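Visitor: task: produce atomic coordinates for the following.
(one chain, ligands or ions: 1)
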Amino acid sequence: MSPLEPFGARLRHAMDARGPLCVGIDSHGSLLSAWGLNDDVPGLERFTRTVVEALADRVAVFKPQSAFFERFGSRGIAVLEKAVADLREAGALVVMDAKRGDIGSTMAAYAETFLHEDSPLFADALTVSPYLGYGSLEPAVDLARRSGCGLFVLALTSNPEGAEVQRAVRTEDPAGRTVAAAMLAHLAADNAGQTPLGSFGAVVGATLGDLSAYDLDINGPLLAPGIGAQGATPADLPSVFGKAVRNVVPSVSRGVLRHGPDAAPLRAAAERYADEVRAAVGA
Ligand SMILES: O=C(O)c1cc(=O)[nH]c(=O)n1[C@@H]1O[C@H](COP(=O)(O)O)[C@@H](O)[C@H]1O
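Guide: Presented below is the predicted three-dimensional model:
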């Protein structure tokens, strides 16, 4: 395998060059129908192609949500494969949002699926769930290091239900940390010494309000979904992320996609979000 430059460095450069924004490709049936498309494979193909053609040459990061492609079976996955390849070809980074999490050889197989350059679904990074234990992610951490890819580990998710797991206090932890704080500490360890930015990111919802109880300084990217349809705005980022705000990758799906199907309003929406983020974080 010929490794790429590490994901963290590629991400920093992409956000400097194109602006600090990730556009999520979530092909909801309701969006397809709002775009005048059928909720079927040709509709999915047209929707995805439109997003790629409108935005691939100007947005830094894309996050296709695998579930919205998987729901059409192998033909939906073929649409996803082409989108990932086209986005990467246009110089964008692709974070595959598949939220995988398993153990041992099964986790290794998930890693091969998304993080091995010979895979048809090869992406720059993958969202993963650490709730079978952070150590269960090791095969993905190892392959990501070898291939120049990244991971985004669910730490403090944007949905209110996440708190019962993520904010639970660990009884065996001498410092009495929460589960999420322990995940952030693992990430900081995996990113130690990396410049300009480590490749192992955390997912931290932009909807969560004050997070000053958490050490978000993990020397890695903080993927921040929740802007737009879930109610957060770019202006919320400094108060949620504090000084770690410079490492935030704000992610917007419906907030951009609802402006389709024409390319010009899609581009204008993405540009507006990137400008608002720049203004909010002082980039
Ligand atoms: O990992 C994610 O991307 C994610 C984590 C999280 O805490 N909250 C969250 O909404 N997401 C994803 O981010 C996207 C949000 O979409 P919008 O609410 O339409 O912007 C969806 O694909 C979610 O699955």
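Visitor: may I see the buried residues of the strand or helix carrying Arg46?
Guide: Using DSSP states H and E, Arg46 maps to helix 41-55. Residues Val41, Gly43, Leu44, Glu45, Arg46, Phe47, Thr48, Thr50, Val51, Val52, Ala54, Leu55 are the ones in helix 41-55 that count as buried (16 or more other C-beta atoms under 10 Å). Where C-beta positions appear, they are placed from N, C-alpha and C, glycine not excepted.
Visitor: what does stretch 70-86 give?
Guide: Residues of stretch 70-86 classed as buried by neighbour count (16+ other C-beta under 10 Å): Phe72, Gly76, Val79, Leu80, Ala83, Val84, Ala85, Asp86.
Visitor: then stretch 255-269?
Guide: Residues Gly255, Val256, Leu257, Arg258, His259, Gly260, Pro261, Leu266, Arg267, Ala269 are the ones in stretch 255-269 that count as buried (16+ other C-beta under 10 Å).
Visitor: one more: stretch 118-135?
Guide: Residues of stretch 118-135 classed as buried: Leu121, Phe122, Ala123, Asp124, Ala125, Leu126, Thr127, Val128, Ser129, Pro130, Tyr134 (neighbour count, 16+ other C-beta under 10 Å).
Visitor: which residue packs closest to the fifth one, ignoring adjacent ones?
Guide: Put plainly, it is Ala125. If the residues on either side of it in the chain are set aside, Ala125 comes closest to Gly150, at 3.6 Å by C-beta to C-beta, 6 or more residues apart in numbering.
Visitor: I figured that neighbour hits Ala14, correct?
Guide: No. At 11.7 Å, Gly150 does not count as touching Ala14 under the criterion of C-beta atoms under 8 Å.
Visitor: more crowded one of these two?
Guide: Between Gly150 and Ala14, counted using other C-beta atoms under 10 Å, the more crowded position is Gly150 (27 against 20).
Visitor: contacting residues for the closest residue to the ligand within the stretch 101-250 of the chain?
Guide: In the stretch 101-250 of the chain, the residue that lies nearest the ligand is Thr157 (3.1 Å; C-beta to the nearest ligand atom). If you count contacts by C-beta atoms under 8 Å, 6 or more residues apart in numbering, Thr157 has them with Gln166, Val203, Gly205.
Visitor: phi, psi for it please.
Guide: Phi and psi for Thr157, reported as degrees, to the nearest 10, are phi -80, psi 160.
Visitor: Ala192: what's it in contact with?
Guide: Contacts of Ala192 (C-beta under 8 Å, 6+ apart): Gly198, Asn219.
Visitor: export the buried residues of stretch 70-86 to a markdown table and tack on secondary structure, distance to the ligand and pLDDT?
Guide: Formatted as a markdown table, the buried residues of stretch 70-86 follow (DSSP: H, G, I helix; E, B strand; the rest coil; distance: C-beta to the nearest ligand atom, whole Å; pLDDT from 0 to 100):
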| residue | secondary structure | distance to the ligand | pLDDT |
| --- | --- | --- | --- |
| Phe72 | coil | 17 | 98 |
| Gly76 | helix | 15 | 98 |
| Val79 | helix | 16 | 98 |
| Leu80 | helix | 13 | 98 |
| Ala83 | helix | 14 | 98 |
| Val84 | helix | 15 | 98 |
| Ala85 | helix | 20 | 98 |
| Asp86 | helix | 19 | 98 |
